[in-house]
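Peer 1: Model the following, please.
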Amino acid sequence: AGYSAATVNQVRAQMSTIFASAVRLDYVKANPVSRTSRVKSLPTDPTRRRPPWDAETCRHALNFAHNTDLELFLVLAIYTGMRRGEILGLHWSSIDFEHGTLMIESSLVEVAERSLDGISRTRVQMHPPKTQSGFRRISVFKPVLDVLQRHRLMQDVERLAQGDSWLEHDLVFTNRNGGPVFPSNWYKRLRKFTQTHNLPEIRVHDLRHSFAQNVLAAGGQLAEITQALGHSSLEVTKNLY
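Peer 2: Purely as a prediction, here's the structure:
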């Protein structure tokens, strides 16, 4: 009681994993969770969704993030509406600086894998977009390209510092050795950032909503937003915004 269906189902899944391991180790005879069903969401369920940032709040956030390692992530989320996985899966080869466009053709996702001993480990994988509309080329403003250029210069410095230990993946966002970063870490980073600068709490995905609503407020067309967000149809965008 008092928890959303998503939270209850996550706990249920973890308990099922524990009991499945116990069965394999002969600690118990059966997995009792297997006799339960997933909980369905209700309109009254609490939600983690936060109100999107308006244009003024976005400007404040970008000012606070200027020249930090969070700046480019926020710039892309606020000005393009890209998903978290799409931002972290962005390759330098997908950016056309001459024509000011980004090609979205991959997404970085976390995958949990369970070994034979029952221990679950998480790693990252590059996946293509789930739908054909997810493959898209979007235009970006010069200020966004300028931040990308500055980020690339900082990455070049880091590459030289790491020397032979640098793993070249052509990724825009990397860990210290050039490898991919874990998407789940960005929630904690964003939360710490908003608390430090007294900004309204927001999830990474809510920045995508911020992009759409700010473009609409500025007189943007729904069809343009649909294309930028990679929605499958105009109706999907209408229902959301």
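
Peer 1: how close does the residue nearest to the spatial centre of the chain get to His151?
Peer 2: Central residue of the chain (Cα atoms, centre = their mean): Arg84, 1.8 Å from the mean position. Using Cβ to Cβ, to the nearest Å, Arg84 is found at 17 Å from His151. Using the backbone N, CA and C atoms, a C-beta is placed for each residue, glycine as well.

Peer 1: sorry, back to before: my understanding was that the residue nearest to the centre of the chain contacts Ser184; is that so?
Peer 2: No: if you go by Cβ atoms under 8 Å, Arg84 and Ser184 don't touch, sitting 9.2 Å apart.

Peer 1: what about the helices in this protein?
Peer 2: In the chain, the helices defined using DSSP state H lie at 5-24, 55-65, 71-80, 84-88, 142-162, 185-196, 204-217, 222-229, 234-240.

Peer 1: Name the residues of stretch 24-37 that come out as buried.
Peer 2: Asn31, Val33 (16 or more other Cβ atoms under 10 Å).

Peer 1: Put the alpha carbons of that stretch into PDB.
Peer 2: Provided in PDB are the C-alpha atoms of stretch 24-37 (Å, rounded to 0.1, in the frame of the first residue of the first chain):
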ATOM      1  CA  ARG A  24      18.700 -24.000  -7.200                       C
ATOM      2  CA  LEU A  25      20.600 -24.300  -3.900                       C
ATOM      3  CA  ASP A  26      18.000 -26.600  -2.400                       C
ATOM      4  CA  TYR A  27      17.200 -24.100   0.400                       C
ATOM      5  CA  VAL A  28      13.500 -24.100  -0.500                       C
ATOM      6  CA  LYS A  29      11.400 -26.500  -2.600                       C
ATOM      7  CA  ALA A  30       9.500 -23.900  -4.700                       C
ATOM      8  CA  ASN A  31       9.500 -20.200  -5.600                       C
ATOM      9  CA  PRO A  32       6.400 -18.700  -3.900                       C
ATOM     10  CA  VAL A  33       6.600 -15.500  -6.000                       C
ATOM     11  CA  SER A  34       5.800 -17.600  -9.100                       C
ATOM     12  CA  ARG A  35       2.300 -18.000  -7.800                       C
ATOM     13  CA  THR A  36       1.700 -14.200  -7.700                       C
ATOM     14  CA  SER A  37       0.800 -11.800 -10.600                       C
END
